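Undergrad: What follows is a protein structure lacking sequence information:
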Ligand code: DGY
């Protein structure tokens, strides 16, 4: 029997497979709050495995404070920028994520954001709820069409491709950029060129040193005054201050963000207050079915790791070679 730290309550009976396999679960706290960093360090010292969320910073300190028995860290998310994977490899801990199961749900959200921002849906709904709508007017809420426009997908992984498939159905022309040639139609090798040619830009890259502030003031200007930026990747991929200035000065038409920097974004942040910035609270994968599948996948990885078997979706499989 192993002892498993589960940092937060999981959806859909997420810990049942671990309990059924006879493992002892530690956590989450009764009030289901995020663990402070020192609490995470203390808890890691006594467990064989950790199931964590993207809000848990599993850094070098946590991994080095971890028990010598610690073997697996299962992140219930596809992005794993919250985990120091190199430090995990150093201490022989295999890290896994949840790729594949959230692609379609996340792509749906990217489309929701793209449509809503282009057509000023939030602005119009805010007026209606606040009693400011005085009835139909031919000049009100004149947004931009999505059909007939050019979508530029930045990052052509599973989620980027799922967004591209939807865009084709909406009558959009789809271009995509990725660091390596994809061999697919619509590939644009130069990111700046993609931004210049696209009307709507949707971001689907992981957060890494090379993608932090990938979209800065200069690149926002390339998107242009009729351009819409959609971010369902990670907040820091966009320079938030530059985005606010671009919206304020009409450098781009609108932005729609599922992710922000920081999270949670304070209600008095200038982006929250800007009517052309639609923001939802990191809900891209938040359908009941998808969140349950993410939890299931994390449990399946963890059980394999505790049995000493290769994990289905490790992000640092080189750890096996070092053991
Ligand atoms: C992920 O899995 O990385 C997503 O951001 C969760 O919605």
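TA: Happy to help now that I have it. Computed from a predicted structure; not experimentally measured.
Undergrad: Please tell me how far residue 234 sits from the ligand.
TA: 7 Å (CB to the nearest ligand atom, to the nearest Å). Glycine gets a C-beta too; all of them are placed from N, C-alpha and C.
Undergrad: For the stretch 201-323 of the chain, which residues score under the pLDDT cut-off?
TA: 321-323 (pLDDT under 70).
Undergrad: Enumerate the residues of the stretch 201-323 of the chain near the ligand.
TA: Within the stretch 201-323 of the chain, the positions adjacent to the ligand are 282, 284, 285 by CB under 6 Å from any ligand atom.
Undergrad: how about 5 Å then?
TA: 284, 285 (CB under 5 Å from any ligand atom).
Undergrad: for the residue in the stretch 201-323 of the chain that the ligand sits nearest to, what are its contacts?
TA: Per CB to the nearest ligand atom, residue 285 is where the stretch 201-323 of the chain lies closest to the ligand, at 3.5 Å. Residue 285 makes contact with 77, 78, 102, 105, 106, 109, 291, 294, according to CB atoms under 8 Å, 6 or more residues apart in numbering.
Undergrad: Within range of the ligand, give me the residues from the stretch 51-200 of the chain.
TA: So the stretch 51-200 of the chain meets the ligand at 77, 78, 79 (CB under 5 Å from any ligand atom).
Undergrad: my read is the second one is in a helix, agree?
TA: No. Assigned with DSSP: H, G, I helix; E, B strand; the rest coil, residue 78 falls outside any helix and is coil.
Undergrad: So what touches stretch 314-323?
TA: Under CB under 8 Å, 6+ apart, the answer for stretch 314-323 is 80, 85, 88-89, 92-97, 301, 310-311.
Undergrad: If we use 7 Å, what do you get?
TA: With CB atoms under 7 Å, 6 or more residues apart in numbering as the test, stretch 314-323 has contacts from 80, 85, 88, 89, 92, 93, 94, 95, 96, 97, 310.
Undergrad: Repeat that for stretch 214-233.
TA: Counting by CB under 7 Å, 6+ apart, residues outside stretch 214-233 touching it are 106, 109-110, 113-114, 117-118, 144, 155, 192, 195-196, 199-205, 237-239, 242-243, 245-246, 250-259, 284.
Undergrad: most centrally placed residue in the chain?
TA: Closest to where the C-alpha atoms of the chain average out (CA atoms, centre = their mean) is residue 233, at 4.1 Å.
Undergrad: dump the residue contacts of the nearest residue to that one once chain neighbours are set aside.
TA: Once flanking residues are discounted, residue 233 sits nearest to residue 203: 4.4 Å by CB to CB, 6 or more residues apart in numbering. Shown in contact with residue 203 (CB under 7 Å, 6+ apart): 154, 155, 215, 230, 231, 233, 237.
Undergrad: So in terms of bridging, what pairs with the third one?
TA: Looking back up the chat, that one is residue 215. residue 238 (DSSP bridges).
Undergrad: burial count for it?
TA: By other CB atoms under 10 Å, the residues close to residue 215 number 26.
Undergrad: And it, how far from residue 49?
TA: According to CB to CB, to the nearest Å, residue 215 stands 36 Å off from residue 49.
Undergrad: and if you look at residue 303?
TA: As judged by CB to CB, residue 303 and residue 49 stand 9 Å apart.
Undergrad: and what of residue 132?
TA: Taking CB to CB, one finds residue 132 at 53 Å from residue 49.
Undergrad: Comparing the two, which shows the higher neighbour count?
TA: Comparing residue 132 with residue 49 by other CB under 10 Å, the one with more neighbours is residue 49, at 25 against 9.
Undergrad: in the sheet, who's paired with residue 49?
TA: residue 4, residue 72.
Undergrad: I'd assumed residue 302 was in contact with it.
TA: Yes. Counting by CB atoms under 7 Å, residue 49 touches residue 302, with 5.3 Å between them.
Undergrad: Can you work out which residues contact both of these two?
TA: 4, 72.
Undergrad: Pull out the buried positions in the helix or strand hosting residue 193.
TA: Following DSSP states H and E, the helix or strand that holds residue 193 is helix 191-197. Residues 191, 194, 195, 196 are the ones in helix 191-197 that count as buried (16 or more other CB atoms under 10 Å).
Undergrad: Please apply the same query to stretch 91-110.
TA: 93-99, 101-110.
Undergrad: Might you specify the subset of these located within helices?
TA: Among the buried residues of stretch 91-110, the ones falling in helices (DSSP state H) are 103, 104, 105, 106, 107, 108, 109, 110.
Undergrad: what about residue 173, distance to residue 146?
TA: Residue 173 is 12 Å from residue 146, by CB to CB.
Undergrad: Neighbour count for those two, which is higher?
TA: Counted by other CB under 10 Å, residue 173 and residue 146 do not tie: residue 146 has more neighbours, with 20 against 15.
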